[in-house]
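K.L.:
coordinates only, sequence not included:
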């Protein structure tokens, strides 16, 4: 993956100490250093939609503790979720309540049952680190492929949009269902069904244009949902 740093310097000056300092500051502040992806594509993509609705504060490092009581009792602080292993995350998801408690984790807010299913379906080691790349893999090949197949089927042109919209609202609490409400108690709608519809239509159009331009199917699929190949 490509990571971009823009530091003005003379040709004989080494940027290494400054790059290290930037990384340290970002980690300390709980910020992400994301793999390079075209922002224009991501912002209009399904990935961008989910990021803005479900994990706007910390993205790949985002998390919640599940219950209102636990969230109120223990203030959320920045956590390096993307540097933990799957096993470590699963242990923390099993905690009833506490400072170390996780429920939904990462950019895609993956809950315990879904994480376990994805690990088994994609044959991911529990000792693998929950990196941005691994989170994107679970999103592209499990969440909107195996668990919610109608999303992928709509994008590649094999089904209608209605079921895909229903699947989006079933997977992510902040996305409105057909009645304009959330499917989950104690959550609120952030993304309207119309906005989700437009995002899915844009993804399908992106995929079709890529295929017409002889882009391989796999790359067309990944970029259509905002994931870097």
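P.N.:
Perfect, thanks for sending it. Computed from a predicted model, the values in this text were never measured in an experiment.
K.L.:
lowest confidence element among the helices and strands of this protein?
P.N.:
Using mean pLDDT, DSSP states H and E, helix 16-29 stands out as the lowest-scoring helix or strand of the chain, at a mean of 43.
K.L.:
and stretch 103-115, what's buried?
P.N.:
For stretch 103-115, burial by neighbour count (16 or more other CB atoms under 10 Å) applies to 103, 104, 105, 106, 107, 108, 109, 110, 111, 112, 114, 115. Backbone N, C-alpha and C define where each C-beta goes, glycine included.
K.L.:
same check, this time on stretch 74-85
P.N.:
79, 81, 82, 84.
K.L.:
pretty sure the second one contacts residue 61?
P.N.:
Yes. Here residue 81 lies in contact with residue 61, judged by CB atoms under 8 Å, at a distance of 4.6 Å.
K.L.:
list residues touching both of the two?
P.N.:
Taking CB atoms under 8 Å, 6 or more residues apart in numbering as the criterion, residue 81 and residue 61 both touch residue 106.
K.L.:
for the lengthiest helix in the chain, the averaged confidence score.
P.N.:
The single longest helix within the chain, with elements called by DSSP state H, is helix 193-212. Here helix 193-212 scores 97 as its mean pLDDT.
K.L.:
residues in contact with that helix?
P.N.:
Residues from elsewhere that reach helix 193-212 (CB under 8 Å, 6+ apart): 41, 44-46, 48-49, 151, 154-157, 161, 164-165, 168-169, 175-178, 180, 217, 219-221, 223-225.
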